[in-house]
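Participant: sharing a model prediction with you, sequence too.
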Amino acid sequence: MDFLNAIVALSNFVLIPAIAYGSQLALGALGVTLIYGILRFSNFAHGDTMAFGTMVTVLITWGFQSVGISAGPLPTALLALPFGIVVCAALLLFTDRTVYKFYREQKAKPVIFVIVSLGVMFIMNGLVRFIIGVDDQRFADGERFIISVRTFRAMTGLEEGLAIKTSQGITVVTAIIVVAALFYFLNRTRTGKSMRAYSDNEDLALLSGINPERVVMVTWLIVAALATIAGTLYGLDKSFKPFVFFQLLLPIFAAAIVGGLGSPIGAIAGGFTIAFSEVTITYAWKKVAGYALPESLAPDGLAQLLSTDYKFAVSFVILLIVLLFRPTGLFAGKSV
């Protein structure tokens, strides 16, 4: 029984949170890797793009809640999500037309685009904070748990309870649907194939009659959807705080680089690699060890390698190691 309790505790505090967090990072990293692969620059405004799309979703969710519109047991934010995607897409297209297009026409170097994206990042960051404030904002409603600790204990008779939050289940299911739709689009549709051709060889793609402005527009639309979905899922799972999305830029970029910049499969693999690394290294293993080990070997302390305050340091260390020893990432993307 103690072994089963150890597995349940491991699932409760490591496996399930890491899978949900990895799904959120994977969606964020997909946006980064698409921009790098197709538009050929590292978009440092991606974290604040997530914050903006999520902010719009939160505001519309509050509007729905105030007039009694809900999704039943599911979060009302799912109803507001399409509106958040549309507004975020409009902002990204406006930013591209007024900022990035000028530098594309000037054939600016990628480093110029990176510096420009930093400026866009600060503007978006200030805009989000000005509109919604800097404090934690909670907008989740509906049923809180798919399985609660009490229900699981009653079903199994185990001492340790398992809880699966609705937000975690929605995150995993949504991530699977979004990733499947994205891969179908990139591999089976004419527009998706044009985007891949443009990414592989821009000059050859232009000679083939591919419209570069259309490719750029579709890329920004997809990035807006990915960023808003990832940000909303993260906000439902934790809470919405603008500065947190600025911090999330590090693990998202780490995920994209670990998997291989420009590789969608690599972005997904990198997201889960970073998530499991952060969660396992910052988790206090005392409870799991107490069930799994004999009493004489059970640790007296927390058995925690790093405090949760330093979880982003884990991403930074992994990022450094990958850049030093395998700059193309796990799936041989484009070298950084």
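Facilitator: Everything's here; your move.
Participant: show me the contact partners of the strand or helix carrying A90.
Facilitator: Using DSSP states H and E, A90 sits in helix 77-95. Residues outside helix 77-95 that contact it (CB atoms under 8 Å, 6 or more residues apart in numbering): 49, 52-54, 56-58, 60-61, 63-64, 69-71, 120, 139-140, 170, 217, 220-221, 223-225, 227-229, 232, 235-236. Quick note: C-beta positions are derived from backbone N, CA and C, even for glycine.
Participant: and the next helix or strand past it?
Facilitator: Following helix 77-95 in sequence order, the next helix or strand is helix 101-105 (DSSP H and E).
Participant: what does the helix or strand of the chain with the lowest mean pLDDT contact?
Facilitator: When the helices and strands of the chain are compared on mean pLDDT, DSSP states H and E, helix 202-207 comes out lowest with a mean of 84. Residues from elsewhere that reach helix 202-207 (CB under 8 Å, 6+ apart): S194, A197, Y198, P212, V215.
Participant: which of those are buried?
Facilitator: Buried members of the contacts of helix 202-207, scored by 16 or more other CB atoms under 10 Å, are S194, A197, Y198, V215.
Participant: isn't the third one up against V215?
Facilitator: Meaning Y198. Yes - Y198 is within contact range of V215, at 4.8 Å (criterion: CB atoms under 8 Å).
Participant: what's the overlap in contacts for these two?
Facilitator: I38, A205.
Participant: rewinding a little: out of the buried ones among the contacts of helix 202-207, list just those in strands.
Facilitator: Of the buried ones among the contacts of helix 202-207, none are assigned to strands by DSSP state E.
Participant: from the residues you listed, pick the one nearest I318.
Facilitator: Proximity of the buried ones among the contacts of helix 202-207 to I318, judged by CB to CB, is greatest for Y198, which lies at 30.5 Å.
Participant: can you spell out which helices and strands pack onto the helix or strand encompassing G271?
Facilitator: Under the criterion of DSSP H and E, G271 resides in helix 264-282. On a contact count with 3 or more CB pairs under 8 Å, 6 or more residues apart in numbering; DSSP states H and E, helix 264-282 meets helix 16-34, helix 166-188, helix 249-259, helix 311-325.
Participant: so how far is the longest helix seen in the chain off the chain centroid?
Facilitator: The residue-count maximum for a helix in the chain (DSSP state H) belongs to helix 212-237. Counting by CA atoms, centre = their mean, to the nearest Å, helix 212-237 is centred 11 Å from the centre of its parent chain.
Participant: kind regards, and thank you for your time.
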